[in-house]
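In: take a look and give me a structure for this.
(2 chains)
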Amino acid sequence: MTTAQSAGSETPSRPAATDDNGIPKEAVSVNRDRKRRQRSIGAVFVAPYAVFMLAFGVLPALYAIYLALTDANGGFTPTANFSKVIDDFRFFAAARHVAFFLVIWLGALLVLVVFLAIVVHAIRSRWLSGTARLFFYLPGALAGASSVMLWLFVLDPVASPAGPLLRALGWDTFTNVIQPSHLPLIFAIIAFWTGAGGWIIVMYGALNNISTEIMEAARIDGANPFQVAIHIQLPLLRKWIAYMAVLSLATGTQLFIEPSLLSQASNAVVPNDYSLNQLAYQYAFDLNDFNGSAAISVMLLVVALLLSAVFVAKGGLFDTEDV
Amino acid sequence: MSTATATRPNRLTGWSGRSIIGLMLVVATMFFIVPLIWLLIAATKTEHELAVRSPFAIGSWDTFTSNVRQLFDFQSGAVVGWMRNSAFYSIGALVITLAISVPAGYALALTEFRFRRILMVTTLVVMLMPNTALVLPVFLEMNKVGLVGQPLSVILPFSFYPFGVYLTYIYFSTSIPRNLLAAARLDGCNEVQVFTRIALPLAAPVVALVAFFSFVQNWNNYFLPFVMLPSSDSYPMQVGLSTLLSSTPAFNPSAVGSESMHLPALAMATILSMLPVLILFLFSQRFLVAGMTAGGVKE
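Out: From the prediction side, this is the model:
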């Protein structure tokens, strides 16, 4: 309603008021003119972006919803596609795989990212702390297929730099390493390797933001670093930890590339419908069932949308103004 | 860890606690960095050496060049085409992203217009959604309008980058004094000139930041081009990697043939696929970390 309010404030309801201040009427009208121009330039500047937002944000979502609610001939079948994909025996298997992966990955993020950020933050040498952060962050350069490829090598005991470790655990072949029960852990490790560094840097920034007075006061009161971490740093990081958890949860439900490449690399030891997104892909490309594919996509989209909307609504992060 | 020796004695709890934490730090660092180092070394060895020699023994220059040759000979230079496609898609989308995001961030931060608030909220919501969530819906839409298989089917969706708008919005609303813009108006600048002559030059750091994030995201994107582009000629490097993977007998035993890849050449391809981003990372490290921290500090 910002627009309505500002429109109200612009209408010259009390023209005399300005005159009382000794400002000539002409200046007021120039000012108003300028306001109007500013307003139209705002609309012009934002228009191309708004078009992209519609074309690649809003319309695809609406179209997917339309497809999910209709059959191949365009007939309205509000539940048929959803019950079809949910009854597919692969659906719950895929949902379970994704859930296992999420539990491990989120656990690792919550514990290790926070721990590493606090430890790196406690390092007194600027150089050492900076280098550690760079090293943690560097794998982020390899998001996508590159990082999965790299991990295929690491998971193949023949060539792996961790070969001795893998063999010590009793896994001598690649197929041994990637047996189904290991997959959630493996995907979590790959995702952690790629993404944790970025979050460590975000947490580090948040830790820097805690006022030194609070930290000093705690130290003078005799708190050791462990107590400072538990009683001061962790509570003050809470918002950022929630931010990381919500966004990672949303991202994690989308699991696709890791199982997709691993499936190719393992001669289908890892099935090509391991995750929900892969299943949606199978519906579209193998079964040519766009309506079924849209039904799965819409379900995933709703999860992502809810998580991000909850976060925007709860706010705190975007308080630059009234959003 | 020895550097952690405190100027303040009670900074860390005792000697043993400190060494345990130091050890965990070393393990974490190795976890993040060793695979990268290993990958660089792997590209200098033959497949046989990879299997029998120690993981960190360095191979030879000759082997390295022959691995390079094998990679570039694959399907008569397919890799060159994939790299070129990646550059084309990423940079094309980057240019469009900047052209639409920077003015949009400016308009959201410093001007009034209808539907401003709804656009803000939608931007935030879409920005926080994982970008894979819209891939299949966008595919279904592109399929409907017959763009699937065209470079535009990748470049246009890449160009929609709400995070870039958010970053510029934050920058314009916190770092540009409104008085400065008002002064420019008094000096006779019109609204377009206020943006191009005053605001835009001041926004150079955030423009660079958006350019960086957008390029990295486009370059590394796998799912969207994988879905949109059916023919190998139009693959970007990330998708090309999966073709190379299926031609590597070590991972796909049915791939034995004249066009098959050795593991070290595959390692080389992985290095090649990440090289542009890695170089960008290393060069802009300081500025980037500062940028991310600033983003993180924003309250």
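In: for whichever residue of the stretch 51-200 of chain B sits closest to chain A, which non-adjacent residue is closest in space?
Out: Nearest residue of the stretch 51-200 of chain B to chain A, counting by Cβ to the nearest Cβ: residue B:111, 3.0 Å away. Using the backbone N, CA and C atoms, a C-beta is placed for each residue, glycine as well. Distances taken as Cβ to Cβ, 6 or more residues apart in numbering or on different chains put residue A:42 closest to residue B:111, at 3.0 Å, once the chain neighbours are dropped.
In: which element is the closest residue to chain B within the stretch 101-250 of chain A on?
Out: Minimum separation of the stretch 101-250 of chain A from chain B (Cβ to the nearest Cβ) falls at residue A:205, amounting to 3.3 Å. Under the criterion of DSSP states H and E, residue A:205 resides in helix A:183-208.
In: would you mark the buried spots in that helix?
Out: A:183-184, A:186-207 (16 or more other Cβ atoms under 10 Å in any protein chain shown).
In: okay, now the domains of the chain?
Out: No chain was given, so I picked chain A. Using automatic domain parsing, the domains assigned to chain A come out as A:2-68, A:89-314.
In: let's do chain B instead
Out: B:2-72, B:76-297.
In: closest to the centroid, which residue in chain B?
Out: residue B:216 (1.8 Å; Cα atoms, centre = their mean).
In: repeat for chain A
Out: Closest residue to the average C-alpha location of chain A: residue A:247 at 3.6 Å, with Cα atoms, centre = their mean.
In: mind listing what that one touches?
Out: Listed by Cβ atoms under 8 Å, 6 or more residues apart in numbering or on different chains, the contact partners of residue A:247 are A:307, A:308, A:311, B:128, B:130.
In: top of these by neighbour count?
Out: Neighbour count (other Cβ atoms under 10 Å in any protein chain shown) singles out residue B:128 as the most crowded of the contacts of residue A:247, with 25 neighbours.
In: mind listing what that residue touches?
Out: A:246, A:247, A:250, A:307, A:308, A:311, A:312.
In: which stretches of the stretch 151-299 of chain B form helices?
Out: B:152-159, B:162-175, B:178-186, B:191-193, B:200-202, B:204-220, B:223-228, B:237-246, B:263-283, B:285-297 (DSSP state H, counting those that start in this stretch).
In: can you redo the ones you listed as JSON lines with mean pLDDT and distance to residue A:239?
Out: Below are the helices of the stretch 151-299 of chain B laid out as JSON lines (pLDDT from 0 to 100; distance: least, Cβ to Cβ, whole Å):
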{"stretch": "helix B:152-159", "mean pLDDT": "96", "distance to residue A:239": "31"}
{"stretch": "helix B:162-175", "mean pLDDT": "90", "distance to residue A:239": "17"}
{"stretch": "helix B:178-186", "mean pLDDT": "88", "distance to residue A:239": "29"}
{"stretch": "helix B:191-193", "mean pLDDT": "89", "distance to residue A:239": "37"}
{"stretch": "helix B:200-202", "mean pLDDT": "89", "distance to residue A:239": "30"}
{"stretch": "helix B:204-220", "mean pLDDT": "90", "distance to residue A:239": "22"}
{"stretch": "helix B:223-228", "mean pLDDT": "93", "distance to residue A:239": "30"}
{"stretch": "helix B:237-246", "mean pLDDT": "91", "distance to residue A:239": "34"}
{"stretch": "helix B:263-283", "mean pLDDT": "89", "distance to residue A:239": "28"}
{"stretch": "helix B:285-297", "mean pLDDT": "56", "distance to residue A:239": "11"}
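In: between those, which one is closest to residue A:142.
Out: Nearest to residue A:142, of all the helices of the stretch 151-299 of chain B, is helix B:263-283, at 4.8 Å by Cβ to Cβ.
In: and the closest one, how far out from the chain's middle?
Out: 12 Å (Cα atoms, centre = their mean, to the nearest Å).
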